[in-house]
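Student: let's see this in three dimensions:
(one chain, ligands or ions: 2)
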Amino acid sequence: MLGEQVDSAEGMMTTVILCVSLTLAGLFSCSLSSHVPTSVDLVSNLIKICVETAVEQINSELTVNHGGHSAGQHSSHGQHSSHGKHSSHGHQAQVMHAPGNKAHSGHSKGHGHMDHNEGGHSHAHVRILDRNARVIRRVQENFRKLTGAWPEAIMKDEMLKKEWRKQVKPHCDFMAPSFTCDASARYRTADGTCNNMAHPLWGSTMTPQTRFLPPKYEDEINAPRTKSINGKPLPSARLISNVVHSNTGHSPVYSKKSTNMFMAYGQFLDHDILHTPVLKDDNGKDMQCCPLGNRDEHCFPIAVPLDDPMFRGWCMSFVRSSATPLPNCDPGHREQMNHPTSYIDGSAIYGSNKVHQEELRLHHHGRIKLSASGHLHSAPDNECILSSPGHHCFQSGDGRRHVTPTLTCLHLLFVKEHNYIVDTLRTLNQHWDDERLFQEAKRIVSAELQHIAFSEYLPIVIGQEHMDQYGLYPTTHSYKTVYDETVEASTSNAFGAAAFRFGHSEVPGVLAMMARNYSLIKAIPLHTQFNRPDLMFDSNGDENLMRWMTNSYHDRNDRLLQDSVRNFLFLKDDGESFDLAAINIQRGRDHGLPPYNTWRKWCGLPTALHFGERLGRLIDHDQATRKLLSKVYSHPDDIDLYTGGLSEIRLPGAATGPTFACIIARQFKKYQSGDRFWYENDDAESRFTLPQLNEIRKTTLASVLCKNTGTQVTQPSVFLANNDFSNRKVLCSQIPSIDLSFWKEHSEAGSHTFQSPISPVSFLNPLQSPNSPYVFKDVFNKLLQNLRQRMLVKV
Ligand code: HEM
Ligand SMILES: [Ca+2]
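Tutor: Ligands and ions are numbered 1, 2, ... in the order given. Here you go, the predicted model:
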């Protein structure tokens, strides 16, 4: 045991020697107890040495490099109480600006993201977490230099662990707020805390992403993977992108099955469950990490091949995802944080903390703010790119709302859905106040989002077999009692940094708008629209864009990404742009994702031994892809998860191959069974009544579209093309939709009893179960025959 080692004469000597030498070096002033030191004293002093040295080191680095924030004592309880109130305790970070510091000023050269106002002071919080993680990492490194002990050894020794927590805690005590969760709460908190009563932070905002498998960092703790198993450097992420993911010079190939609405919804859903923050510079702009060899801890620039067809100058800037300490400030490897709540709870609409939520609310009749002209409420001008007078940036619960117009219009759609629900509830329950209306509508919208995700979206992503294998289909009757309090629903690293990015291969090169008669209004290259709200200001812009989204195929799920995102991502006037495929690969390395073969094994799939054709080959890749992979990688064990997974042959009826389908299925299982407020749950305090649940089961994205836009005709499943009989277009009035009269309160104000259950006409969503009968088919057969089949437009 390490404690015993330190207790030994040798350990004591080392401590004293170090103490003296570090004091002499002027790093800190060391005073060991005057009495004969006990093992606790020694360990305590040893850790103290390491902590103080770490703080000094970081402060001097920050002063030299950035004039950034001091690593001194600070803490910020970014977590919230059980009532979701924002609280901030302890000292604020001290800011020590170095005189004359010019680093990173003025220019915004990172990934071109706009300034994100995510409510509260989220970026300050990211900075604090990142610095605290850095302090802990340094303490850990120092401790290892002194004692040779790895984090595991510290955690196994009770005395050492206790001392560690005591000494390091002042540098990151935001991780241990005290909670009084209300077990009888009917509503989720804004920040996701208190969902799991035993672990109130699970799945909540700004907590570490979880891992299915331990990370693979080059130094075991922090440094990205850069070396092949044969010791040579790994291929550059941009080179892999050029060889394996490039479609440059070729026409796009479209899916034969699903629509651009399926693509867009994937991004919208992703933003409910994940955002990994990266650090900004002192001016709140993207950090610049070029040229190669930049030694800033936050930088991991991508090497651009000399003969690159698009990018010049050897280097693409890449900022590492911010780090976050582990709970209790325990030692361990680098972890990345998740900004939104991990639960599928509409946090992209409602915000992920109370402060932000309050900003978004109108505080009148339960509504969310919209502009007078029916757009999302305005946000400061620096949060998007404005090019026309009269246009404005938008507010919403997630900072990335402007990234593409296809995403922005889904934000608007669900704000309208919220307001539609509150307005209806208000007519039913006139005694409900603003708060009650808001919370009830939020609860219903969250349930709708969960239902759409699991009944309409996910089956197309992973296929029926995985849906069945993991028990992911929603039930068609009664409750589904799947809640398991031992399951942590937090978003996992490999899911977010690789598998769920499968959708990037669906992204089109061109967006379009369609009129009510399905004629094309206009087609616009996607890369001209990043971070711009303009299309939303066209007359009926959102409706016309969504009409195109439901009437056009997305780009096929394959290993290829369109130039819109592979060469022209966030293209600026000065010609600077990024490659999303290269970023995804680099992100995986930055996050320490184990490579492809390790995940194959975890999924129970055969691993590859070579790139050839004999036994032991990459069995889920076609021959051409095996060849391309062999051109860049020197061994199958080197293959990055993103590249290996994306280039697999898709499973029958799925948008993903077996490795991504496995990771995505296991992650969605966590969202389903780790959420106490899961909409199908039979939880005494928060469940829906059965009739209400049956109403929620009627929800389809088509019904939400019909209710909240001028759309009059659409196919029942807007994720699927309307090219076969079962999904032909029907009038909106024929698309089942939630009947909110089941929320009419029966008794006194404040009570939670609702109208007695009158069993509604049973409705089976055809997508819930592959074998269920298609009810529209019988009921509306006649009408359908009269509707002309609309051809999908390929732009
Ligand atoms: C519509 C066009 C899209 C654009 C322009 C886009 C762009 C981006 C960018 C720039 C990032 C950050 C990359 C990084 O720095 O690591 C990102 C992350 C991500 N994207 Fe997309 N994306 C799009 C669509 C999609 C779709 C359709 C999906 C899924 C179906 C998706 C899933 C993800 C996921 C899971 C992440 C990781 C998020 C995080 O960890 O913060 N994206 N995307
Ligand atoms: Ca969420």
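
Student: around ligand 1, pick out the residues from the stretch 151-300 of the chain.
Tutor: Residues of the stretch 151-300 of the chain that fall close to ligand 1, judged by Cβ under 6 Å from any ligand atom: 263, 266-267, 270, 274-276. (Glycine included, C-beta is placed from N, CA and C.)

Student: which of those lies closest to Arg127?
Tutor: Thr276 (14.8 Å; Cβ to Cβ).

Student: ramachandran angles for that closest one?
Tutor: Per-residue torsions, Thr276: phi -100, psi 110 (degrees, to the nearest 10).

Student: show me the contacts for the closest residue to ligand 2 within the stretch 101-250 of the chain.
Tutor: Ligand 2 sits closest to Gly192 of the stretch 101-250 of the chain, with a gap of 6.7 Å, by Cβ to the ion. Contacts for Gly192 (Cβ atoms under 8 Å, 6 or more residues apart in numbering) come out as 203-205, 341-343, 345, 347, 352.

Student: can I get those residues in a markdown table including neighbour count, secondary structure and distance to ligand 2?
Tutor: Below are the contacts of Gly192 laid out as a markdown table (neighbours: other Cβ atoms under 10 Å; DSSP: H, G, I helix; E, B strand; the rest coil; distance: Cβ to the ion, whole Å):
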| residue | neighbour count | secondary structure | distance to ligand 2 |
| --- | --- | --- | --- |
| Gly203 | 30 | coil | 8 |
| Ser204 | 27 | coil | 10 |
| Thr205 | 29 | coil | 8 |
| Thr341 | 32 | coil | 4 |
| Ser342 | 31 | coil | 6 |
| Tyr343 | 26 | coil | 5 |
| Asp345 | 29 | coil | 5 |
| Ser347 | 29 | helix | 3 |
| Ser352 | 28 | coil | 7 |
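
Student: Cys299 contacts Asp286, correct?
Tutor: No. Using Cβ atoms under 8 Å as the test, Cys299 is too far from Asp286 to be in contact (11.6 Å).

Student: distance check, the residue of the stretch 101-250 of the chain closest to ligand 2 against Asn338.
Tutor: Going from Gly192 to Asn338 by Cβ to Cβ, to the nearest Å gives 10 Å.

Student: what do those two both touch?
Tutor: Common contacts of Gly192 and Asn338 (Cβ under 8 Å, 6+ apart): Thr205.

Student: quick check: which ranges of the chain have low pLDDT?
Tutor: Applying pLDDT under 70 to the predicted model, the residue ranges of the chain that meet it are 1-38, 62-121, 173-178, 747-795.

Student: how many neighbours does Lys257 have?
Tutor: 18 (other Cβ atoms under 10 Å).

Student: ranges for the helices of the stretch 451-600 of the chain?
Tutor: Residue ranges of the helices in the stretch 451-600 of the chain, as given by DSSP state H, counting those that start in this stretch, are 458-469, 493-497, 541-550, 563-566, 580-590, 596-602.

Student: and the helices in the stretch 151-300 of the chain, which stretches?
Tutor: Going by DSSP H, counting those that start in this stretch, the stretch 151-300 of the chain shows helices at 151-156, 158-168, 237-240, 260-273.

Student: for these, give me a markdown table that also has distance to Pro595 and mean neighbour count.
Tutor: Below are those laid out as a markdown table (distance: least, Cβ to Cβ, whole Å; neighbours: other Cβ atoms under 10 Å):
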| stretch | distance to Pro595 | mean neighbour count |
| --- | --- | --- |
| helix 151-156 | 22 | 17 |
| helix 158-168 | 31 | 19 |
| helix 237-240 | 12 | 24 |
| helix 260-273 | 23 | 26 |
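
Student: possible to save these as a markdown table with distance to ligand 2?
Tutor: As requested, those are exported to a markdown table (distance: least, Cβ to the ion, whole Å):
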| stretch | distance to ligand 2 |
| --- | --- |
| helix 151-156 | 30 |
| helix 158-168 | 30 |
| helix 237-240 | 29 |
| helix 260-273 | 4 |
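
Student: so can I have JSON lines of the ones you listed showing distance to Glu417?
Tutor: Converted to JSON lines, the helices of the stretch 151-300 of the chain look like this (distance: least, Cβ to Cβ, whole Å):
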{"stretch": "helix 151-156", "distance to Glu417": "46"}
{"stretch": "helix 158-168", "distance to Glu417": "45"}
{"stretch": "helix 237-240", "distance to Glu417": "39"}
{"stretch": "helix 260-273", "distance to Glu417": "12"}
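
Student: which of the ones you listed sits closest to Leu292?
Tutor: helix 237-240 (11.5 Å).

Student: name the residues that touch the closest one?
Tutor: Under Cβ under 8 Å, 6+ apart, the answer for helix 237-240 is 302-305, 308, 311, 316, 579, 581-583, 585-586, 589, 632-633, 640, 643.

Student: ok, which of these also contact ligand 1?
Tutor: Restricting those to those near ligand 1 by Cβ under 6 Å from any ligand atom leaves Ile583.

Student: contacts only, for the spatially most central residue of the chain.
Tutor: Residue closest to the mean C-alpha point of the chain, counted by Cα atoms, centre = their mean, is Leu274 at 1.4 Å. Neighbour list for Leu274: 209, 338, 340, 342, 491, 495-496, 500 [criterion: Cβ under 8 Å, 6+ apart].

Student: quick one: contacts for Phe438?
Tutor: 361, 366-367, 422.

Student: one more pass at 10 Å, please.
Tutor: 187, 350, 357, 361-368, 418, 422, 425, 432 (Cβ atoms under 10 Å, 6 or more residues apart in numbering).

Student: what's the burial count for Phe530?
Tutor: With other Cβ under 10 Å as criterion, Phe530 counts 23.

Student: can you check Ser478 too?
Tutor: The number of residues packed near Ser478 is 11, by other Cβ under 10 Å.

Student: okay, now the residue lying closest to it once chain neighbours are set aside: neighbour count?
Tutor: Leaving out its chain neighbours, the residue that sits closest to Ser478 by Cβ to Cβ, 6 or more residues apart in numbering is Leu690, at 6.9 Å. Residues near Leu690, counting by other Cβ under 10 Å, number 16.

Student: how much space is there between Leu690 and Gln450?
Tutor: Counting by Cβ to Cβ - Leu690 and Gln450 are separated by 17 Å.

Student: please apply the same query to Glu218.
Tutor: 39 Å.

Student: residues touching the closest residue to Leu605 other than its chain neighbours, list them.
Tutor: In this structure, Leu605 finds its nearest non-sequential neighbour in Pro658, 5.7 Å apart by Cβ to Cβ, 6+ apart. Pro658 sits next to 462-463, 465-466, 600, 603-605, 619-620, 645, 648-651 when contact means Cβ under 10 Å, 6+ apart.
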